[in-house]
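Novice: build me a model:
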Amino acid sequence: MVKCLVWDLDNTLWQGTLLEDDEVRVPDAVRELIAALDSRGILQAVASKNDHDLAWAKLEALGLAEFFVVPRIGWGPKSDSVRLIAERLKFAEGTIAFVDDQPAERAEVAFHLPQVRCYDAAEVLSFADLPEFSPENVTVDSRRRRQMYRAGFEREAQQAAFKGPDEEFLRSLELVMRIERATGEQLTRVEELTLRTSQMNATGVHYSDAALRELLADPGHEVLVTTMTDRFGPHGAVGVMLLATHPGVWHLKLLATSCRVVSFGAGAALLNWLIDQAARAGAHLVADFRPTDRNRMMEIAYRFAGFTRSSEEPCDCLAALPAAGDEGLQQLHLVSGPRAAHPTIEISAPDLAAHHGVAAAAPAR
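Specialist: Numbers count the residues shown, from 1 in each chain. Predicted coordinates:
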């Protein structure tokens, strides 16, 4: 799926050349397309060779500036602009689309960024019908994705201006993490996270709506969705955990978190909460991990939390789990122990230990 469409301006987004024509015009069909993609959760940006102030003023006058989260308007190569947009959004280049009326510009981008999908401006009006621009489900988070990214940029600006330790800044954000058992209505958000998240996805596996509903109906599984808010507003759904609970061992089949909240320590907060719950329940933890070319950060998070490969430290608890069945799948093991509350994130969550514990649960801390 395309996560961000990068627009050229002259004779692409609008008709005419800004520095040559008395007036440029945006067709109604293009306006409708911009609004439609935005409502589907597809971010939009600009990579244009133009005078920045003049072009941005024109976008504001046309009532379109608010739709573009990362404008790159100047005279450098467009491949540099597209690369910087992907880096700013923390998106893989394969999730970026670029549209331009000039074959030479498309070729330049395609040469330097071969994973970026390049489109002729003549194809613009077909975008709404193309599968890569048509997510199967549009969630609440999808519809407000642009606003969430803008809030994120404001957080970053505040952090850059903050004088003091990083932990003090994070505490000033008043971060609240809510971990909930997913409902049927939330499954589209869970499925979207398993589909869209690659860098912080422990297995790279996409769980379909049907598969998630089966797990939701199974009393031996927990499907947990995580949302976050702070004083700037909601981050939306930022994490999902699929957990099979066996006597004496909990099997974490999937942990995926949004890259947007990595810098806030969201992944570590989730793991610490789960480890503490498992300890209170008297259960070991086994986590599935499948290395991909993008999820090295997730492996580091598991290792930092204390997980080791089950082959390095065999444990009898593994006998309670089904065989991995996939040569590429690793099982990481942890003898769980009490964990301290996160220093900068307030967590609201269900008491899994009381529900799945094999021993009397200690009082909640």
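Novice: burial measure for residue 82, as a count.
Specialist: Other residues lying near residue 82 total 25 when counted by other CB atoms under 10 Å. Glycine gets a C-beta too; all of them are placed from N, C-alpha and C.
Novice: let me know the pLDDT of it.
Specialist: In this model, residue 82 is scored at 96, pLDDT.
Novice: quick one: secondary structure of it?
Specialist: Secondary structure state of residue 82, per DSSP: H, G, I helix; E, B strand; the rest coil, is helix.
Novice: what distance do you get for it to residue 293?
Specialist: 20 Å (CB to CB, to the nearest Å).
Novice: repeat for residue 177
Specialist: Distance of residue 177 to residue 293, given as CB to CB: 29 Å.
Novice: so between the two, which is more surrounded?
Specialist: Applying other CB under 10 Å to residue 177 and residue 293 shows that residue 177 carries more neighbours, namely 25 against 8.
Novice: doesn't that one belong to a strand?
Specialist: Yes: with three-state DSSP as the criterion, residue 177 is part of a strand.
Novice: can you tell me which residues contact it?
Specialist: By CB atoms under 8 Å, 6 or more residues apart in numbering, the residues touching residue 177 are 226, 227, 228, 266, 269, 270, 342, 345, 346, 347, 348, 349.
Novice: can I get those residues in JSON lines including distance to residue 141?
Specialist: Below are the contacts of residue 177 laid out as JSON lines (distance: CB to CB, whole Å):
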{"residue": "226", "distance to residue 141": "12"}
{"residue": "227", "distance to residue 141": "9"}
{"residue": "228", "distance to residue 141": "11"}
{"residue": "266", "distance to residue 141": "15"}
{"residue": "269", "distance to residue 141": "19"}
{"residue": "270", "distance to residue 141": "18"}
{"residue": "342", "distance to residue 141": "23"}
{"residue": "345", "distance to residue 141": "19"}
{"residue": "346", "distance to residue 141": "21"}
{"residue": "347", "distance to residue 141": "20"}
{"residue": "348", "distance to residue 141": "19"}
{"residue": "349", "distance to residue 141": "20"}
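Novice: tell me which two of the residues you listed sit farthest apart.
Specialist: 227 and 342 (15.5 Å; CB to CB).
Novice: hey, where'd the helices end up in this structure?
Specialist: 28-39, 52-61, 78-89, 103-112, 140-143, 145-161, 166-172, 187-196, 209-216, 266-281, 296-305, 352-356 (DSSP state H).
Novice: mind listing what's buried in the fifth one?
Specialist: Spelled out, it's helix 140-143. 141, 142 (16 or more other CB atoms under 10 Å).
Novice: so how far is it off the chain centroid?
Specialist: Offset of helix 140-143 from its chain centre (CA atoms, centre = their mean, to the nearest Å): 13 Å.
Novice: with the longest one instead?
Specialist: Using CA atoms, centre = their mean, the mean C-alpha position of helix 145-161 is found 15 Å from that of the whole chain.
Novice: who's in contact with that helix?
Specialist: Applying CB under 8 Å, 6+ apart, the external contacts of helix 145-161 come out as 38, 41, 43-44, 67, 69, 89, 141, 166, 169, 173, 230, 232-236, 260.
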